[in-house]
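J.: for reference, the sequence and a predicted model appear below.
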Amino acid sequence: MLWTVFLLLNGLLLLVLLYSTRRRQKNEPPLDKGLIPWLGHALEFGKDAAKFLARMKNKHGDIFTLRVAGHYVTVLLDPNSFDSVLNDNDLSHNRIQLLQRIFSLSLPNIEPAAEKKWMEQHFQGVSLSRLSRAMNTHLKNLLLSNQEGCNPSEWKRDGLFNFCYSLLFRAGYLTLFERGDNAAAVYKEFCTFDSLLTKLARCSLKREESKTANLSREKLWELLSPDWLNGGSESSSWQQNYIRFLKEAGVDAEMQKRALLLQLWTTQCNAGPAAFWLLGFLLTCDEAMDAVKSEIKGLNLQDVSSQHPPINPLEAHRTPVLDSVLSETLRLTAAVMINREVVQDKILCMANGQEYHLRQGDKVCLFPFLSPQMDPEIHEDPQVFKYNRFLNKRTMKDDFYKNKKRLKYYTMPWGAGRNVCVGKEFAIATIKQFVLLVLTHLDLKIDEAHGTFELPAVNPSRYGFGMLQPDGDLQVKYQLKRRQHEE
Ligand code: HEM
C-alpha cells in the first residue's frame, strides 16, 4: 500500500515537473508561468482578472502567454490585431467543459452553427419586433403594478440594482418563457445560482457553496420545466420553439430541461445589470441626466401613443444622447472574455507585422475590457463616465484611433465574430425602453437617508462573465410622477 502511494506521488511529481518545464521558444509570445507549479496565475486571475491582466500588460506588452491551472493561455490585448483571432478557423470556440461545469449540461448533437442560426431567426428580423412589443407591455405592467396599493405621495425604497434586475428579469422571463405565475420565484432562485456562478466556472466552490449551487440548479430546472414537457398541452412561445429545436436535434428530455437554465442565464443575466449601471451613472451625473431628459422631452410621446397600433417612440425617433449614454455605460461595465482553443500549431500575425507561434492545445483569450474599452490611448480618461463620449452633435461618434490607426473595435460589449451577441438589438431596445419608462413614469432619486451618493465598486470576481455587477447597491427612492411628462 505504502509503495503504491509512494509511486503515485512520484508520478504526480514527475507530471508537475514536466508541466513546469515549458520554455519559451523562438517566435513565441513572452511566457509567464507564475510561481506556483501547475496553478500558475490561477488565483490572481480569478480574484481580479482586470487588475492582474493590466499588470501583465505593463510587464509584457500586448501579447503574452500565462500558465493558469495547468493550461497555457495566450492573452492578446491589441484591438487592431483582434481579427487575426476572431476570423481564424484554426482557433475553435469550445464551450463543452463550461456547459458541463456550470449547467451540468451536455449537448453533443447540437451544431454551434445550427444553434446560432436558430437564435438569429428567433431574436432578429420579424421576431425582434414581436419580442420587443411583448417586452414593452410586460415592463410597463410590472413597473405600474409595482406601485399598486402605494400612497402616491409616499416614496418607495429599494436598491437600484435589485430594482432594475428584478423588473427586467421578470419582464424578460414573461416574454420568452411560460409559467408567468412563478416569475418572482424564478428570479429569487436565479439570484442564488448567479451569485455562485463564477466560482462554479472556476471550480472554486467550498463544500457548502457547492451544495447550495447544486440545489439551486435543481430547483431552477423544475421551476423552468413547462407542463407540456411532461405531456401537458403545448403553446407557441419562444421557449416551446427552442424545445422543439432541441428535440429535432435528438436531445433527450432531461437535457432539454437543463438547457432551459442555460438559456435563462444567457438571455437574462446582462440587461438588468446594464440598466442598473446606466441609471446609476445618470443619477450620479446631473449633466448627463439633464441631457437625456431633454432628449426624451423632444420625443413627442403623446403623438406616437395615439397611433393604432401604438408605435414605440424609440422606433419612431432617433435618440443619439441616450445611445451615447448606453455605449459609454457598456464601455465601462461590460467585460466579456473571448476564448478560443488552438486546434493546430499556427502563426498569429499582429497588426504591426510581428508574427508569433501558437502551440496546439493552448488557449487564446481576448479581453476587450482592458483594450479597447479602458485603453487611455483610445479613450481619454477611460475611468471617467462621459455621457457624450460617443456623440458627434446629432450622430453617433465612431472614429477612435490607436497608434494613429482608425479602430474597427473601439468598444466591444457585444463580443464580435462568431461570439457576437445574438440578442444585441433586442437588448438595446429593452434597456432603452426601460430607461424611458422609468424616467417618464417615476420620480427616481438617490435615497439620501443612506448617506451614499456614489455608485458602488465593481465585484472584481465577475470580470470575464459579461456585464459586471456591483459590490453592494445604490439605495434609491421612487414614486409615480403626479402628472406624467410634466418635466
Ligand atoms: C446588455 C446586454 C447584453 C450584453 C452586454 C450581451 C453580451 C453578449 C456577449 C458578449 C455574448 C458572447 C458571449 C460569448 O460568446 O462568450 C453574448 C451572447 C449571446 N447573447 Fe447577449 N448580451 C446582452 C443581452 C442579451 C439579451 C437580452 C439576449 C436575448 C434575449 C441575448 C442573447 C444572447 C445569445 C443567445 C448569445 C449566444 C450567442 C451564441 O452562442 O452564438 N443577449 N451576449
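T.: All right, it came through fine. Numbering: from 1, shown residues only.

J.: give me every residue in the protein lying close to the ligand.
T.: 116, 119, 123, 266-267, 270-271, 274, 334, 336, 413-415, 419, 421-423, 426-427, 466-467 (C-beta under 6 Å from any ligand atom). The way it works is simple: take the backbone N, C-alpha and C, and place the C-beta from them, glycine included.

J.: report the buried members of the residues you listed.
T.: Among these, those scoring as buried are 119, 123, 267, 270-271, 274, 334, 336, 413-415, 419, 421-423, 426-427, 466-467 (criterion: 16 or more other C-beta atoms under 10 Å).

J.: gap between the two ends of stretch 385-393?
T.: The first and last residues of stretch 385-393 sit 18 Å apart, counting by C-alpha to C-alpha, to the nearest Å.

J.: to clarify, my last question referred to stretch 335-352.
T.: With C-alpha to C-alpha as the measure, stretch 335-352 spans 25 Å from end to end.

J.: begin at 338 from now on, thanks
T.: New numbering, starting at 338: the last item is stretch 672-689.

J.: and that stretch, what's buried?
T.: A672, V673, M674, I675, N676, R677, V679, K683, L685, M687, A688.

J.: list the pairing partners of the host helix or strand of the fifth one within its sheet, with orientation.
T.: Spelled out, that is N676. Using DSSP states H and E, N676 sits in strand 675-679. Applying DSSP bridges to the sheet, strand 675-679 is found paired with strand 428-429 (antiparallel), strand 700-703 (antiparallel).

J.: least confident of those, on average?
T.: With a mean of 84, strand 428-429 has the lowest mean pLDDT of those.

J.: in whichever helix or strand comes after that one, which residues are buried?
T.: Next along the chain after strand 428-429, taking DSSP H and E as the criterion, comes helix 433-440. Within helix 433-440, the residues that count as buried by 16+ other C-beta under 10 Å are L436, I439, F440.

J.: dump those to TSV, plus pLDDT and distance to N473.
T.: As requested, the buried residues of helix 433-440 are exported to TSV (pLDDT from 0 to 100; distance: C-beta to C-beta, whole Å):
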residue	pLDDT	distance to N473
L436	94	32
I439	97	31
F440	97	30
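
J.: what pLDDT is listed against the residue of the chain found nearest the ligand?
T.: Residue nearest to the ligand within the chain: G760 (2.3 Å; C-beta to the nearest ligand atom). Per-residue pLDDT puts G760 at 97.

J.: which residues touch it?
T.: Taking C-beta atoms under 8 Å, 6 or more residues apart in numbering as the criterion, G760 is in contact with M456, F460, T604.

J.: cool, E762 as well?
T.: F460, Q461, L465.

J.: apply 7 Å and report the result again.
T.: Counting by C-beta atoms under 7 Å, 6 or more residues apart in numbering, E762 touches Q461, L465.

J.: that one: what secondary structure?
T.: The assignment at E762 comes out as helix when based on DSSP: H, G, I helix; E, B strand; the rest coil.

J.: before we move on, what about T402?
T.: Quick answer, by three-state DSSP: T402 is strand.

J.: please save the CA atoms from stretch 553-561 in CSV.
T.: Provided in CSV are the C-alpha atoms of stretch 553-561 (Å, rounded to 0.1, in the frame of the first residue of the first chain):
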residue,chain,number,x,y,z
SER,A,553,-30.4,25.8,-6.6
ARG,A,554,-29.7,24.4,-10.1
GLU,A,555,-32.1,21.6,-9.5
LYS,A,556,-34.9,23.9,-8.2
LEU,A,557,-34.4,26.1,-11.3
TRP,A,558,-34.7,23.1,-13.6
GLU,A,559,-38.0,22.2,-12.0
LEU,A,560,-39.3,25.8,-12.0
LEU,A,561,-38.5,26.3,-15.6
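
J.: right, and the helix or strand after the helix or strand where L685 lies?
T.: Per DSSP H and E, L685 falls inside strand 683-686. Counting by DSSP H and E, the element after strand 683-686 in chain order, helix or strand, is strand 692-695.

J.: for that next one, packing partners?
T.: Using 3 or more C-beta pairs under 7 Å, 6 or more residues apart in numbering; DSSP states H and E, the elements in contact with strand 692-695 are strand 683-686.

J.: number of nearby residues for G377?
T.: Number of residues near G377 (other C-beta atoms under 10 Å) recorded here: 23.

J.: contact partners for it?
T.: Residues near G377 by C-beta under 7 Å, 6+ apart: K370, G371, L403, R404, V405, A406.

J.: for the first one, which non-adjacent residue is closest in space?
T.: Read that as K370. With sequence-adjacent residues excluded and distances taken as C-beta to C-beta, 6 or more residues apart in numbering, K370 is closest to R404, at 4.3 Å.

J.: surely that neighbour meets L368?
T.: No. Between R404 and L368 there is no contact under C-beta atoms under 7 Å: 8.0 Å.

J.: quick one, which of those two is more surrounded?
T.: R404 (22 against 16).

J.: so who does that one touch?
T.: Each residue near R404 by C-beta under 7 Å, 6+ apart is listed here: K370, G371, G377, H378.

J.: and the residues you listed, which of them are in helices?
T.: Among the contacts of R404, no residue falls in helices (DSSP state H).

J.: would a markdown table of those with pLDDT be doable?
T.: Shown next, in a markdown table, are the contacts of R404 (pLDDT from 0 to 100):
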| residue | pLDDT |
| --- | --- |
| K370 | 95 |
| G371 | 95 |
| G377 | 95 |
| H378 | 96 |
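
J.: neighbour-wise, which of these leads?
T.: In terms of neighbours by other C-beta under 10 Å, the contacts of R404 top out with G377 at 23 neighbours.

J.: how close does the nearest residue to that one once chain neighbours are set aside sit to Q577?
T.: Distances taken as C-beta to C-beta, 6+ apart place R404 nearest to G377, at 3.0 Å, with adjacent residues excluded. The gap separating R404 from Q577 is 46 Å, by C-beta to C-beta, to the nearest Å.

J.: check R544 too.
T.: 38 Å.

J.: same check, this time on T767
T.: When distance is defined by C-beta to C-beta, T767 is 21 Å away from Q577.

J.: the more surrounded of the two?
T.: The residue with more neighbours, out of T767 and Q577, is T767; 24 against 16, by other C-beta under 10 Å.

J.: let's verify A596: helix, strand, or coil?
T.: What three-state DSSP gives for A596 is helix.

J.: wait, it sits on L442?
T.: Yes. Taking contacts as C-beta under 7 Å, A596 lies within contact range of L442: 6.1 Å.

J.: tell me where the stretch 638-787 of the chain has helices.
T.: Applying DSSP state H, counting those that start in this stretch to the stretch 638-787 of the chain gives helices spanning 638-642, 650-653, 657-670, 761-778.

J.: residue ranges with poor pLDDT in the protein?
T.: The chain contains residues with pLDDT under 70 at 338-357, 515, 564-572, 638-650, 653, 820-824.

J.: go again with 80.
T.: 338-358, 431, 483-489, 515-517, 563-573, 637-654, 788, 819-824 (pLDDT under 80).

J.: hmm, who's touching stretch 776-796?
T.: 480, 494, 617, 620-621, 630, 633, 638, 775, 805-818, 821-822.

J.: if anything else comes up later, I'll come back, but that's it for now.
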